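> please work out how this folds:
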Amino acid sequence: MIALPSLPLAIFRLHFQTDQDFAVRFPGSAWRGALGHHLRQLACLTGARDCSGCGEIQRCSYSYIFDTPVPPDALKMRRYTQAPHPFILREERPGHDFLHLYLTLIGRANAQLPLMVLALNRAALNRLGINGRQMKLLAVDQQDENTIWHRIDQPGGALTALPPKTPLIPLLNDGPVVIEFLSPLRVKRAGHHVRPQDFQFADLFSSLLRRISMLTTFHTENAFETDFRALMEAAWKVPVDTSLHWVDLPRHSFRQQADMNLGGVMGSLKLGSAELVPFWPILWLGQYTHAGGAATMGLGHYTVRQAASLREGVHDVQMDDTGGIASPL
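Below is the predicted model of the structure:
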């Protein structure tokens with residue numbers, strides 16, 4: 001019997017208008033930094049310069065979303081100072097004068113949707129904007145389980161969101177499965193980042209298993225439990241064909257006042273479906289949670305394609321309710 005995680009989440013699409021047509025190589029980093037600054041301004045209960053030692057840290061919306069402390073009575077991650085953050089930001093630029101910011105909220109974080117939208121809108125309208133780009137929020141959509149987009153913002157600012165749900169996990173078809181990384185994946189083995197020439201399926205799966213387990217533990221009512229050791233032992237035996245390369249993404253951290261390079265692997269993995277049966281639910285859900293380091297900034301984003309969608313020259317797409325192409329993620 002394969003354990004099925006319960007991970008309610010919701011995906012939102014924020015439409016921003018901008019008259020500044022220039023690309024940003026790592027927009028997720030800029031969005032995350034701006035979100036943190038404005039979220040703290042809106043939600044901080046004490047005005048303290050630092051969150052450490054604050055008596056309100058377990059009740060503060062900013063702390064929960066952006067610093068995510070480990071509760072003192074937690075049985076997992078007691079040696080860590082932070083739990084996984086319950087949000088993911090990812091930007092797409094479908095036109096020269098507008099862009100989409102995809103916001104994924106996991107579990108209890110969905111109660112913070114109005115605060116998140118307000119903070120992101122303030123960040124975009126600020127004179128500094130997002131990496132110098134000033135923007136205006138036009139609308140907010142939400143994706144349902146059938147990948148259909150629904151407009152959820154109403155006149156006067158009310159947000160009528162659909163309840164978060166665990167994504168449906170399709171049946172695993174016979175034939176090859178291709179995992180394509182759409183943004184750099186940063187995973188470590190024995191304390192070192194795994195490079196393309198050393199990459200194994202278990203490097204991806206161990207990151208997913210740990211991340212999904214922690215997200216369910218700290219952000220939902222149903223912590224995911226399974227035989228982690230047996231799954232990992234099996235994951236190391238899965239054969240995989242890799243076509244990977246390394247990509248560096250420079251960023252500046254204002255919190256740490258330091259320049260850093262967030263490199264990771266890009267490309268694809270090809271596996272047989274028979275070997276993936278025990279790992280399929282986690283692998284499918286990982287498309288929504290991302291994997292590896294800096295997932296909140298949009299890194300570790302990947303898609304899974306099964307045999308039915310691997311026909312040469314054919315790309316399966318769905319149309320959304322506005323006539324555009326609906327992304328499954």
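
> now the nearest residue to residue 195 once chain neighbours are set aside: how far from residue 297?
Nearest residue to residue 195 in three dimensions, chain neighbours excluded: residue 246, at 6.3 Å (C-beta to C-beta, 6 or more residues apart in numbering). Quick note: C-beta positions are derived from backbone N, CA and C, even for glycine. Using C-beta to C-beta, to the nearest Å, we find residue 246 at a distance of 18 Å from residue 297.

> try residue 145
Distance from residue 145 to residue 297, by C-beta to C-beta: 26 Å.

> more neighbours, these two?
Counting neighbours by other C-beta atoms under 10 Å for residue 145 and for residue 297 shows that residue 297 has the greater number, 24 against 10.

> quick one, what contacts that one?
Residues counted as contacts of residue 297 (C-beta atoms under 8 Å, 6 or more residues apart in numbering) are 26, 28, 29, 31, 32, 89, 262.

> for the fourth one, what are its contacts?
To tie it back to what came earlier, the one meant is residue 31. For residue 31, the contact set (C-beta under 8 Å, 6+ apart) comprises 89, 91, 101, 120, 123, 130, 297.

> now residue 124: which helix or strand?
helix 113-125 (DSSP states H and E).

> quick check, pLDDT for the nearest residue to residue 3 once chain neighbours are set aside.
Among residues not flanking residue 3 along the chain, residue 226 sits closest, at 4.0 Å (C-beta to C-beta, 6+ apart). Residue 226 is assigned 91 on the pLDDT scale.

> show me the shaky parts of the stretch 1-150 of the chain.
Counting by pLDDT under 70, the stretch 1-150 of the chain has low-confidence residues at 1-2, 21-23, 72-81.

> how about the strands in it?
9-17, 87-92, 98-106, 136-143, 149-151 (DSSP state E, counting those that start in this stretch).

> of the ones you listed, which is nearest residue 268?
The closest of the strands of the stretch 1-150 of the chain to residue 268 is strand 87-92. By C-beta to C-beta, the value is 19.0 Å.

> by contact count, what packs against the closest one?
If contacts are counted by 3 or more C-beta pairs under 8 Å, 6 or more residues apart in numbering; DSSP states H and E, strand 87-92 sits against helix 27-43, strand 98-106.

> want to try TSV for the ones you listed, with distance to residue 67 as columns?
As requested, the helices and strands packed on strand 87-92 are arranged in TSV below (distance: least, C-beta to C-beta, whole Å):
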stretch	distance to residue 67
helix 27-43	9
strand 98-106	16
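
> which among the ones you listed is found nearest to residue 276?
strand 98-106 (23.7 Å).

> tell me the angle the closest one makes with helix 27-43.
Counting by axes from the mean of the first three to the mean of the last three C-alpha atoms, to 10 degrees, strand 98-106 lies at 70 degrees to helix 27-43.

> residues making contact with strand 98-106?
7-18, 31, 86-94, 112-113, 116-117, 120, 135, 138, 164, 215, 219-220, 288-289, 327, 329.

> mind listing the strands for the stretch 151-300 of the chain?
176-185, 188-189, 192-193, 241-247, 250-253, 258-261, 264-272.

> need these in a markdown table (columns: mean pLDDT and mean neighbour count).
Shown next, in a markdown table, are the strands of the stretch 151-300 of the chain (pLDDT from 0 to 100; neighbours: other C-beta atoms under 10 Å):
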| stretch | mean pLDDT | mean neighbour count |
| --- | --- | --- |
| strand 176-185 | 97 | 20 |
| strand 188-189 | 95 | 14 |
| strand 192-193 | 94 | 12 |
| strand 241-247 | 96 | 14 |
| strand 250-253 | 64 | 14 |
| strand 258-261 | 68 | 10 |
| strand 264-272 | 97 | 19 |
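
> quick one, which of those gets closest to residue 210.
strand 188-189 (11.1 Å).

> for this protein, longest helix please?
helix 201-219 (DSSP state H).

> now it: average pLDDT?
Rounded mean pLDDT across helix 201-219 is 96.

> now do that helix: which elements does it pack against?
Partner elements for helix 201-219 (3+ C-beta pairs under 8 Å, 6+ apart): strand 176-185, helix 228-235, strand 264-272, helix 280-289.

> need the strands of the stretch 151-300 of the chain in a markdown table (columns: distance to residue 158).
Formatted as a markdown table, the strands of the stretch 151-300 of the chain follow (distance: least, C-beta to C-beta, whole Å):
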| stretch | distance to residue 158 |
| --- | --- |
| strand 176-185 | 33 |
| strand 188-189 | 43 |
| strand 192-193 | 44 |
| strand 241-247 | 41 |
| strand 250-253 | 35 |
| strand 258-261 | 40 |
| strand 264-272 | 39 |
